[in-house]
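Q: below: sequence and its predicted model.
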Amino acid sequence: MAVPAARPVHIVIGVLSALLALLVAAGVWISVQARGEQVRADDKQAVLLAAGTHAKNLLSLNYKTVDADVKRLLASSTGGARAEYVANAERLKSTTVANKVVQQGVLRATGLVSLAEGTAKVLVVADVEIRWDGSKSPPQERFYRWSMDVTKVGGVWLVSKAVQVL
């Protein structure tokens with residue numbers, strides 16, 4: 001009589017084991033999905049920060065610190081954008097020093113247009129006040145809007161293209 005009673009116990013244990021396996025699989029799947037969403041959210045924040053930092057680097061120049069300013073600009077760029085800045089760096093430095101330019105960029109907004117594996121497009125709004133030390137000319141305000149391509153290079157997001165938009 002003991003043998004027939006054991007069969008329902010084996011069936012219950014088998015069903016419970018299958019349910020447990022399904023619950024574990026569902027938990028793993030949910031965890032993987034959540035991690036993917038967190039990575040995407042982290043990338044979005046990093047992309048927006050990279051584009052905003054680059055915009056501020058573009059606009060923030062001081063004739064007293066121009067070498068460090070240009071280094072920051074180069075450090076936040078890659079590809080075609082960086083090549084363009086390298087090609088124009090000496091002229092930018094000499095003009096900034098000769099005219100005693102002091103300008104500080106202010107980031108107003110960034111907006112993500114697209115984000116794919118290793119690339120993104122961001123719209124950036126920034127303003128700058130430009131003054132010239134020793135000049136009686138009043139400071140000038142200028143307003144800039146860019147479309148920036150941002151590329152992940154070695155785990156770091158850098159601006160690869162910056163185009164002014166109207």
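A: Happy to help now that I have it. This structure is a prediction, so every number in the text was calculated from the model and none was measured.
Q: now do the helices in this structure.
A: Secondary structure of the chain (DSSP state H): helices at 2-59, 66-75, 79-98.
Q: which one of those helices lies nearest to residue 127?
A: helix 2-59 (7.9 Å; Cβ to Cβ). Bear in mind the C-beta positions are built from the backbone N, C-alpha and C, glycine included.
Q: ok so, going back, deepest in the core, which of the helices of the chain is it.
A: With neighbours taken as mean count of other Cβ atoms under 10 Å, those reach their highest mean count in helix 66-75, at a mean of 16.
Q: what residues does that one touch?
A: Helix 66-75 is contacted by residues 54, 57-58, 60-62, 82, 85-86, 89, 92-93, 96-97 when judged by Cβ atoms under 8 Å, 6 or more residues apart in numbering.
Q: okay, angle between it and helix 79-98 too, please.
A: Angle, helix 66-75 to helix 79-98, by axes from the mean of the first three to the mean of the last three Cα atoms, to 10 degrees: 170 degrees.
Q: that older thread, got the contacts of helix 66-75 as TSV, with distance to residue 108 columns?
A: Formatted as TSV, the contacts of helix 66-75 follow (distance: Cβ to Cβ, whole Å):
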residue	distance to residue 108
54	14
57	15
58	14
60	14
61	18
62	21
82	24
85	22
86	28
89	26
92	23
93	27
96	23
97	28
